[in-house]
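S.K.: the following block contains a protein sequence and its predicted model.
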Amino acid sequence: MTAFLIRRLLIAIPTILFLIVLSFVLMEVAPGSPFDSERGVPQYVLDNLEAKYGLDRPPWERLGLYVWNIVTDFDFGPTFTYRDRTVNDIIAQGFPVTLTYGFWSGIAAMAVGIPLGIVAALKQNSWIDTLAVGFSVGAQVLPNFVMAPILVLVFTLWLGWLPGGGWGGGQWNYLVLPVIALSTSYMASIARLTRSSMLEVLNAPFIRTARAKGLPMRRVVWRHALKPAMLPVISYLGPTFAFLITGSVLIDVFFSTGGIGQFFVAAALGRDYAIIMGVTILYGVIVVALNLLVDLLYAWIDPKIRYA
Amino acid sequence: MFRRSALMLSAATAMALTLPATAAEVPEGTNLAEEQVFRYRLLDQFPTLDPQLNEETAGSHVIRQLFEGLMNQDAQGNLVPGVATGFEASEGNTVYTFTLRDDARWSNGEPVTAQDFVYAWRRAADPATASPYQWYVELTQIENAAEIVAGEMDPSELGVEAVDNKTLRVTLTNPLPYFPAMTTYATLFPAPQATIEEHGDDWTDPANMVSNGAYVLDSLSLNETFTLTKNPEYWDAENVVIDRVEGYVVNDSNQSLTRYEAGEYDMLEPLPAGAYPRLEEERPDEAHSVPRLCSYYYPINFREGDDVPEALRDPNVRRALSLAVDRDVIVDQVLQGGQRPAYNFTHWATAGFELPEMDMASMTQAERDAEAQRLWEEAGSPDLDLRLIYNTSDEHRQIATVVSQMWKQKLGVDTELSNSEWAVYLEKRREGGFDLARSAWCGDYNEASTFLDLMTTPHGSNDGKFSNARYDELMAQSKTAEDPQPLYTEAEQIIADEVAMIPIYHYANTFLLNPEIKGFPMENVENNWYVKDFYRVAEE
């Protein structure tokens, strides 16, 4: 197990290095400059800006320096857009925000989705099942860019219960709408996945055996069915959590949370290479880490899977 | 920014000394609201609050509350004293001496001195600062500015000098009658040297920032919100009524309207596209449309050797294209926000500007169409394929579509609409990869040259590379002319005769403002507002 872990961690390093080089090259070849503006900027202004940010050096030198600063000082450099902020500052402000609402969205999706799926499977073809399936389908076809405005219309404009946007330092009332808007479709996916996986397991021979031994249903479900039924759900949750906590661009832009997603979009459009690189690397590390975590969870749940 | 009347007065020395500074003018018996707060929505996050590094409008609005320059503007855009109580112009408008008020203080209690301006202006010009608005210092014609921004001279050589703590002397290379008006822009605001040297780039953090305006920065969360609170050290603090300013960054336009309707803020600008007519009807006390000094136009590519259709070289073809554009349809049916059709470049509301008599403006559209067809036939009804570039946006797309339809129907011209995302579009426009390009220009100050300079041969934003010797000569003369207006009129006439561009419309600003907020400068065409002049009345 330890050897597996070490090997996976060692593979992660070249993966992330490759990611850095790839995003650097993509940014290099993209047309346009971070200092372009509607009014033509005089050449001497561009020269000064490029000198200030070291953009006048050859690309390989910049790439080397960039990687070196990350490795030695964990420094992602200055941003081109926000003159008084570094990329580290941007991530320090934006990441906790997306982490918070992403985390709670994940929890909400699981807390509702998994029980709903289990109940639906146990009471297959009952009214609860119909309701659960109906909800799942409905929630999945209602995208969050439709749902978010409806939520704001109802809870902010009509009822006046919740703020329509902002972050308020992470107070709960600012969290509610983004979490509902973000988690609902995942809730639905998790419920459907849990339901079908549970149904499959419940029809498996070992469950029939357990029932035949005279074990009560509750015990069968908890002791025997739940763990194997969760395997597909967990493999789904890994990337989903990575996606949730790195922030939804739509949620950040729509609810003005100050989260990382909005910086990322603005940086891509404004050619702020520094922010794009920093955030891409952050995303990369999180995806790699969560995939690793899923693998470990697999090994724990399913002894058949060995990583020798 | 500056008005002709203010300019005439500037010749009479000590004029500004007699002008009162403005502050919130609350009529007697007004029932003021308990909580004096002003909340507004921002479309985008401003990149910086450093006055010398700022280059865009959202930041300028905040910096104008945090800092005060030598001069301010009143509700009509006239020049009024700021940190300076007045100025004296001598030697034919080439030397300006500003007298600073004794009670101007930074938010840390230190006095604002002439040295603070010298430091700030040198800082803005210094290539090491790498300000995107470095060119603004060059535009002011301050002595040696051009050499300093080019890195050929030390910033300490800049023609600005602190004669004593309260006297600032500025020497210009060329006479510039509107120089005092240029001091109302952020680039020329003072800067706190000690704070900047202590904290470096972090000096604009709420914890470190020292400013000299009516407000200080209380908090800032990028892409979310910021708050300003009243600066007790401000020299006129006793006349400042609003205690607190809150800004909310809301990028989505429909969401921004919902949140305004829910009462989350007092001002919403800009409005969602096409929403103005409905809002004007539903909320007549809140919806406003005021002129804004920007012009929307399609420059024509005049570059030699580019693959621009040969027919475009014929002025009659260009004129026919311009005539065939029905601006009324664009203004009344696409934009619907109080914009005006444009037949010339300079915005109609520009101070002192007299529109030249344009045939095109006085015709009916039917006459224009007939004339367009006549010219088109005269030019031999060329088989024309045009490439029109614009940056991705619904509004630009709608206008481009409407215009291309008009050309197709009236002249049989095929137009390829080519949209690109912002940075790509800018590069294409700069490199000349177009026949016509969606463009807009906003005045830096309220005077026609801020528009007309753009069409001079060397101008950095003359993307069509239009070049006319007489035009360049006129604009050069206008800098020193006693009365430049006739020169501007002639310059506009050249643009019209040569059809150097296709002007489309002159901007208007549409916005919603809570009627409880009073003192908003509706007549300031540069949209420069000072929260210190506002007050909030109690709900009725």
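M.R.: Now that the structure is in, tell me what you want to look at.
S.K.: phi, psi for residue B:73 please.
M.R.: phi -120, psi 150 (degrees, to the nearest 10).
S.K.: residues in contact with it?
M.R.: By C-beta atoms under 8 Å, 6 or more residues apart in numbering or on different chains, the contact list for residue B:73 reads B:1, B:79, B:80, B:184, B:521, B:524, B:526, B:528, B:530. C-beta here means a position set from N, CA and C on the backbone, and glycine is covered the same way.
S.K.: where do the strands sit along chain A?
M.R.: Using DSSP state E, chain A contains no strands.
S.K.: residue in it nearest to chain B?
M.R.: residue A:32 (2.7 Å; C-beta to the nearest C-beta).
S.K.: test my guess that residue B:158 contacts residue B:147.
M.R.: No. Using C-beta atoms under 8 Å as the test, residue B:158 is too far from residue B:147 to be in contact (9.4 Å).
S.K.: on that earlier part again, just the ones of the contacts of residue B:73 in strands?
M.R.: B:79, B:80.
S.K.: got a markdown table for the contacts of residue B:73, with neighbour count, distance to chain A and pLDDT too?
M.R.: Compiled in a markdown table, these are given as follows (neighbours: other C-beta atoms under 10 Å in any protein chain shown; distance: C-beta to the nearest C-beta, whole Å; pLDDT from 0 to 100):
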| residue | neighbour count | distance to chain A | pLDDT |
| --- | --- | --- | --- |
| B:1 | 27 | 17 | 36 |
| B:79 | 27 | 24 | 90 |
| B:80 | 18 | 28 | 93 |
| B:184 | 24 | 19 | 93 |
| B:521 | 20 | 25 | 93 |
| B:524 | 19 | 21 | 89 |
| B:526 | 23 | 16 | 87 |
| B:528 | 20 | 18 | 92 |
| B:530 | 27 | 24 | 96 |
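S.K.: and which of the contacts of residue B:73 is nearest residue B:402?
M.R.: residue B:526 (29.1 Å; C-beta to C-beta).
S.K.: what's the separation between that closest one and residue B:215?
M.R.: Note on residue B:526: its distance to residue B:215, by C-beta to C-beta, to the nearest Å, is 20 Å.
S.K.: would you say residue B:288 is within a strand?
M.R.: Yes. Applying DSSP: H, G, I helix; E, B strand; the rest coil, one finds residue B:288 inside a strand.
S.K.: against residue B:514, how distant is it?
M.R.: From residue B:288 to residue B:514 the distance is 11 Å (C-beta to C-beta).
S.K.: residue contacts, residue 285?
M.R.: All of this refers to chain A. Here residue A:285 is in contact with residue A:16 (C-beta under 8 Å, 6+ apart).
S.K.: not quite, go with chain B.
M.R.: Taking C-beta under 8 Å, 6+ apart as the definition, contacts of residue B:285 comprise residue B:515.
S.K.: could you look up the SS state of it?
M.R.: Strictly by three-state DSSP, residue B:285 counts as coil.
S.K.: quick check, residue B:532 in contact with residue B:235.
M.R.: No. Counting by C-beta under 8 Å, residue B:532 stays clear of residue B:235, with 11.0 Å between them.
S.K.: okay, the two: which has more neighbours?
M.R.: Set residue B:532 next to residue B:235 and count neighbours by other C-beta atoms under 10 Å in any protein chain shown: residue B:532 wins out with 28 against 19.
S.K.: sec struct for that one, please.
M.R.: helix.
S.K.: before we move on, what about the one 4 residues further on?
M.R.: Residue B:536 carries the three-state label strand when classified by three-state DSSP.
S.K.: look at it and say how many residues are nearby.
M.R.: Neighbour number of residue B:536 under other C-beta under 10 Å is 23.
S.K.: show me what contacts it?
M.R.: Counted by C-beta under 8 Å, 6+ apart, residue B:536 has contacts B:32, B:33, B:35, B:36, B:37, B:38, B:241, B:242, B:516, B:517, B:518.
S.K.: for it, give its distance to residue B:30.
M.R.: Taken as C-beta to C-beta, the span from residue B:536 to residue B:30 is 10 Å.
S.K.: tell me which residues touch residue B:328, please.
M.R.: B:341, B:365.
S.K.: and with 6 Å instead?
M.R.: residue B:341 (C-beta atoms under 6 Å, 6 or more residues apart in numbering or on different chains).
S.K.: equivalent analysis for residue B:131, please.
M.R.: Taking C-beta under 6 Å, 6+ apart, one finds B:52, B:53, B:124 in contact with residue B:131.
S.K.: could I get the phi/psi values of it?
M.R.: Torsion angles, degrees, to the nearest 10, at residue B:131: phi -80, psi 130.
S.K.: next one: residue B:230
M.R.: phi -60, psi 140.
S.K.: summarise which helices and strands the host helix or strand of residue B:423 is packed against.
M.R.: Residue B:423 belongs to helix B:422-431 when elements are defined using DSSP states H and E. Using 3 or more C-beta pairs under 6 Å, 6 or more residues apart in numbering or on different chains; DSSP states H and E, the elements in contact with helix B:422-431 are strand B:385-391.
S.K.: contacting residues around the strand it packs on?
M.R.: B:396, B:400, B:414-419, B:422, B:425, B:428, B:434-438.
S.K.: and what of stretch A:272-281?
M.R.: Against stretch A:272-281 from outside (C-beta under 6 Å, 6+ apart): A:23, A:27, A:34, A:76-77, A:79-81, A:87, A:90, A:263-264, A:267-268.
S.K.: hang on, the earlier thing: among the contacts of residue B:131, who's most crowded?
M.R.: residue B:124 (28 neighbours).
S.K.: spit out the contact partners of that one.
M.R.: B:52, B:131, B:137, B:187.
S.K.: just give the nearest non-adjacent residue to it, would you?
M.R.: Nearest residue to residue B:124, sequence neighbours excluded (C-beta to C-beta, 6 or more residues apart in numbering or on different chains): residue B:52, at 4.2 Å.
S.K.: surely the one you found is within a helix?
M.R.: No. Applying three-state DSSP, one finds residue B:52 to be coil, outside a helix.
S.K.: so it sits right up against residue B:125, yeah?
M.R.: No. Checked against C-beta atoms under 6 Å, the pair residue B:52 and residue B:125 is beyond contact range at 9.1 Å.
S.K.: how about the strands in the stretch 301-450 of chain B?
M.R.: B:340-341, B:385-391, B:414-420, B:436-437, B:439-442 (DSSP state E, counting those that start in this stretch).
S.K.: most packed of the ones you listed?
M.R.: Across those, averaging neighbours per residue (mean count of other C-beta atoms under 10 Å in any protein chain shown) puts strand B:436-437 on top, at a mean of 26.
S.K.: what's the burial count for residue B:357?
M.R.: That count, for residue B:357 with other C-beta under 10 Å as the rule, works out to 10.
S.K.: what do you get for the one 4 residues further on?
M.R.: For residue B:361, the tally of surrounding residues (other C-beta under 10 Å) stands at 15.
S.K.: the one 5 residues further on too?
M.R.: When counting by other C-beta under 10 Å, one arrives at 8 neighbours for residue B:366.
S.K.: against residue B:341, how distant is it?
M.R.: 15 Å.
S.K.: cool, residue B:50 as well?
M.R.: Residue B:50 is 39 Å from residue B:341, where distance means C-beta to C-beta.
S.K.: just the mean pLDDT for stretch A:283-296, thanks.
M.R.: What stretch A:283-296 shows for mean pLDDT is 84.
S.K.: buried residues in that stretch, which are they?
M.R.: In terms of neighbour count (16 or more other C-beta atoms under 10 Å in any protein chain shown), stretch A:283-296 has its buried residues at A:283, A:284, A:286, A:287, A:288, A:290, A:291, A:292, A:294, A:295.
S.K.: picking up where we left off before, what's in contact with the helix holding residue B:423?
M.R.: A:31, A:32, A:36, A:269, A:271, B:389, B:391, B:437, B:463.
S.K.: can I get it in PDB? Just the C-alpha atoms.
M.R.: Output in PDB follows, covering the C-alpha atoms of helix B:422-431 (Å, rounded to 0.1, in the frame of the first residue of the first chain):
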ATOM      1  CA  TRP B 422     -11.500  40.700 -27.200                       C
ATOM      2  CA  ALA B 423      -7.800  40.300 -27.400                       C
ATOM      3  CA  VAL B 424      -7.800  38.700 -30.800                       C
ATOM      4  CA  TYR B 425     -10.000  41.400 -32.100                       C
ATOM      5  CA  LEU B 426      -7.700  44.100 -30.800                       C
ATOM      6  CA  GLU B 427      -4.800  42.500 -32.500                       C
ATOM      7  CA  LYS B 428      -6.600  42.200 -35.800                       C
ATOM      8  CA  ARG B 429      -7.700  45.800 -35.600                       C
ATOM      9  CA  ARG B 430      -4.200  47.000 -34.800                       C
ATOM     10  CA  GLU B 431      -2.600  44.900 -37.600                       C
END
